[in-house]
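A.B. asks: Need the 3D shape of this:
(2 chains)
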Amino acid sequence: MDGGARTQRRGGAVSQASTDEVQTVVAARALAQTRTVFIGVGRPSTAAILARMVHNPALVLIYESGTIGAKPFHIPLSIGDGELAETADAVVSVPEMFNYWIGPGRVEVAFLGAAQVDRFANLNSTVIGDYDHPRTRLPGAGGAPEIASSCGEVIVVAPHSKRTFVERLDFITTVGHGDGPGARERLGLRGRGPTAVITDMGVLEPDADSKELVLTQLHEGVSVEAVREATDWDLEVAQEVRVTEPPSDRELEALRELLAR
Amino acid sequence: MARVLGLSEALAELVHDGDSVALEGFTHLIPFAAGHELLRQGRRDLELIRMTPDLLYDQMVGMGAARKLVFSYGGNPGVGSLHRFRDAIENGWPHPIEIEEHSHAGMANRYVAGAADLPFAVLRGYAGTDLVEHTTVRFIECPFTGERLAAVAALRPDVAIVHAQEADEQGNVSLWGIPGVQKEAVLAAARSLVTVERIVERLQPRPGALVIPGWAIDVVAAAPGGSQPSYSQGITERDNDFYRRWDEISRERESFTAWMAEHVLSAVEAR
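C.D. replies: Purely as a prediction, here's the structure:
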């Protein structure tokens, strides 16, 4: 290691990963075989850059600002930071981004976050409380509704708590699996919709038949009960729950180095 | 050919109380200098249109310049809330505002229809969302395939204001980096102003640059540094530290008002 000593070491091994780090590492692994990914800012962006560093150097990062094939060295603060445009393969207008690239389903995977997620992985990023008299006004839809309807699949990245994983959304900003089986087809949504929800506790995946989210993977040291406790609905649990392979030294070192840039 | 005027003179001529005004620029090239000059000129009752209100509309809403806000994403990118935007919607401060919100795809297509002088645009979108109940969108059947598609009404602002890197003396504009919806906004609006970092004798051809002919623009005004704290690719850099600091400045009404008085209202339009 250089003088920066950004990786915390303990007895020669990289120190234990935090739950946030595990979430980011797991999200990055999900992109190991992906060709194109659509990402917003925050943890999804960090995970996608990490995936390029560790698993998939050819991964094409697409930001809704119109930057296709961006290769950021730093984690961008906004989706339109100068470095994204400078390093992109192509820079297109917003209408072109939605009409030519997202709408026709040219992007394989979309990473989305949300303030609220329900049992069918529908998302709310508009308001908490009543629309006309909101308790908390959130930023709103942005690109999410059409990104989620058209991209090949959606991976949701969100912190696990009862405030986020709710029985009923205050507002449906973005349709995941609607009200269950057949909903996406009835609405004419062409992508497969959410295939995984990666949290800081584990991974939820929609059941093939019911489309309801099921706990399929736990991060090391997290119990099924703790996840159910942090979920506002009666969360289904898979018969066999996998345990997340802990972040490797290489993954953790790369993540910490990236965050320190 | 566009007329080249001073910023203050240009805005006094083009923007009136009650107008619908689109100050566009998608993270990049946000026309802050023009927006600040509108506040100094005391414009009121505006219908402010922007895909991403960003700090500029947070400031304009917080100063009470807006009657209505039309938008698709009202956050401080990568930082969090726009506190003045939230205070206006949640608490009606400094006065209640009307809102009309869309998805990005919907807003972008509304500008496209406006630029094409068509009454509406079609897209696959909005289906199944609660936006349908709370905004202006209709569903139509494709006359060829029968597919159900969303229709959104054209945006036709009274005035579009955008920022670019360069213009020549005839008002031809060259813009590079992230192009957002600036060209569509200019072509959709009844009147248009492009502020630029610099006015040059002759535009140099530049790969990937978007050129808007001067005859399609009403007024060009020089505003060096006029997109800060956003940026003009190749000339200025995005001031990410300021975007972070804005969270603190704008959180309380008092600190916001004091900051605006000192940094915007009392500033002389010196360009």
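
A.B. asks: Would you map the helices across the chain?
C.D. replies: All of this refers to chain A. A:19-29, A:43-54, A:82-87, A:94-96, A:144-150, A:183-187, A:224-229, A:249-260 (DSSP state H).

A.B. asks: ah, no, chain B please
C.D. replies: Counting by DSSP H, the helices of chain B are B:7-14, B:32-40, B:54-62, B:83-91, B:104-115, B:131-134, B:182-188, B:240-251, B:253-260.

A.B. asks: Quick check: which of the ones you listed is nearest to residue B:229?
C.D. replies: helix B:240-251 (4.0 Å; Cβ to Cβ). (C-beta placed from N, C-alpha, C; glycine too.)

A.B. asks: Give me the contacts around that closest one.
C.D. replies: A:77-78, A:81, B:55, B:58, B:62, B:76-84, B:229, B:255-256, B:259 (Cβ atoms under 8 Å, 6 or more residues apart in numbering or on different chains).

A.B. asks: re earlier: okay, the helices of chain B in a markdown table with mean neighbour count and distance to residue A:203 next?
C.D. replies: Below are the helices of chain B laid out as a markdown table (neighbours: other Cβ atoms under 10 Å in any protein chain shown; distance: least, Cβ to Cβ, whole Å):
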| stretch | mean neighbour count | distance to residue A:203 |
| --- | --- | --- |
| helix B:7-14 | 19 | 53 |
| helix B:32-40 | 23 | 42 |
| helix B:54-62 | 25 | 34 |
| helix B:83-91 | 22 | 32 |
| helix B:104-115 | 28 | 28 |
| helix B:131-134 | 17 | 29 |
| helix B:182-188 | 25 | 40 |
| helix B:240-251 | 16 | 31 |
| helix B:253-260 | 15 | 41 |
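
A.B. asks: how about TSV for those helices, with mean pLDDT added?
C.D. replies: Compiled in TSV, those are given as follows (pLDDT from 0 to 100):
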stretch	mean pLDDT
helix B:7-14	98
helix B:32-40	98
helix B:54-62	98
helix B:83-91	98
helix B:104-115	98
helix B:131-134	97
helix B:182-188	98
helix B:240-251	98
helix B:253-260	98
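
A.B. asks: Out of those, flag the one nearest residue A:95.
C.D. replies: Smallest distance to residue A:95 across the helices of chain B (Cβ to Cβ): 4.3 Å, for helix B:104-115.

A.B. asks: does stretch B:99-113 come close to chain A?
C.D. replies: Yes - Stretch B:99-113 is in contact with chain A by Cβ under 8 Å from any Cβ of the partner chain, via B:101, B:102, B:103, B:104, B:105, B:108, B:109, B:111, B:112.

A.B. asks: hang on, the earlier thing: and the helices of chain B: which comes nearest residue A:231?
C.D. replies: Closest among the helices of chain B, once you apply Cβ to Cβ, is helix B:131-134, at 26.1 Å.

A.B. asks: which residues sit against that closest one?
C.D. replies: Contacts with helix B:131-134, where a contact means Cβ under 8 Å, 6+ apart, come from A:126, A:131, A:141, A:145, A:173, B:101, B:102, B:103, B:126, B:137.

A.B. asks: Just the buried ones out of those, please.
C.D. replies: Among these, those buried by neighbour count (16 or more other Cβ atoms under 10 Å in any protein chain shown) are A:126, A:131, A:141, A:145, A:173, B:101, B:102, B:103, B:126, B:137.

A.B. asks: list the contacts for the fifth one?
C.D. replies: For residue A:173, the set of contacting residues under the criterion of Cβ under 8 Å, 6+ apart consists of A:114, A:123, A:124, A:125, A:126, A:140, A:141, A:144, A:145, B:129, B:130, B:131.

A.B. asks: Return the closest of those residues with respect to residue A:249.
C.D. replies: Using Cβ to Cβ, residue A:114 comes nearest to residue A:249 of the contacts of residue A:173, at 32.0 Å.

A.B. asks: mind listing what that closest one touches?
C.D. replies: Residues near residue A:114 by Cβ under 8 Å, 6+ apart: A:123, A:124, A:125, A:144, A:156, A:158, A:164, A:173, A:174.

A.B. asks: count of residues packed around the residue of chain B found nearest chain A?
C.D. replies: With Cβ to the nearest Cβ as the measure, residue B:27 is the residue of chain B nearest to chain A, at 2.5 Å. The tally of other residues near residue B:27 (other Cβ atoms under 10 Å in any protein chain shown) stands at 29.

A.B. asks: Surely it and residue A:82 touch.
C.D. replies: No - counting by Cβ atoms under 8 Å, residue A:82 is not a contact partner of residue B:27; they are 9.6 Å apart.

A.B. asks: shared neighbours, the two?
C.D. replies: Counting by Cβ under 8 Å, 6+ apart, the residues touching both residue B:27 and residue A:82 are residue B:238.

A.B. asks: ok, the closest residue in space to residue B:149 that isn't next to it in sequence - contacts?
C.D. replies: Once flanking residues are discounted, residue B:149 sits nearest to residue B:122: 4.7 Å by Cβ to Cβ, 6 or more residues apart in numbering or on different chains. Neighbouring residues of residue B:122 by Cβ under 8 Å, 6+ apart: B:109, B:140, B:142, B:149, B:150, B:151.

A.B. asks: Just the buried ones out of these, please.
C.D. replies: B:109, B:149, B:150, B:151.

A.B. asks: from the residues you listed, which is closest to residue A:168?
C.D. replies: The shortest approach to residue A:168 among the buried ones among the contacts of residue B:122 belongs to residue B:150, at 24.9 Å (Cβ to Cβ).

A.B. asks: what sits against the closest one?
C.D. replies: Neighbouring residues of residue B:150 by Cβ under 8 Å, 6+ apart: B:106, B:122, B:123, B:124, B:125, B:126, B:127, B:137, B:138, B:139, B:140.

A.B. asks: Would you mind giving both backbone torsions of the fifth one?
C.D. replies: The main-chain torsion angles of residue B:125 are listed as degrees, to the nearest 10 and equal phi -170, psi 170.

A.B. asks: Surely it touches residue A:145?
C.D. replies: Yes - using Cβ under 8 Å, residue B:125 is in contact with residue A:145, at 6.1 Å.

A.B. asks: Fine, thanks again, bye for now.
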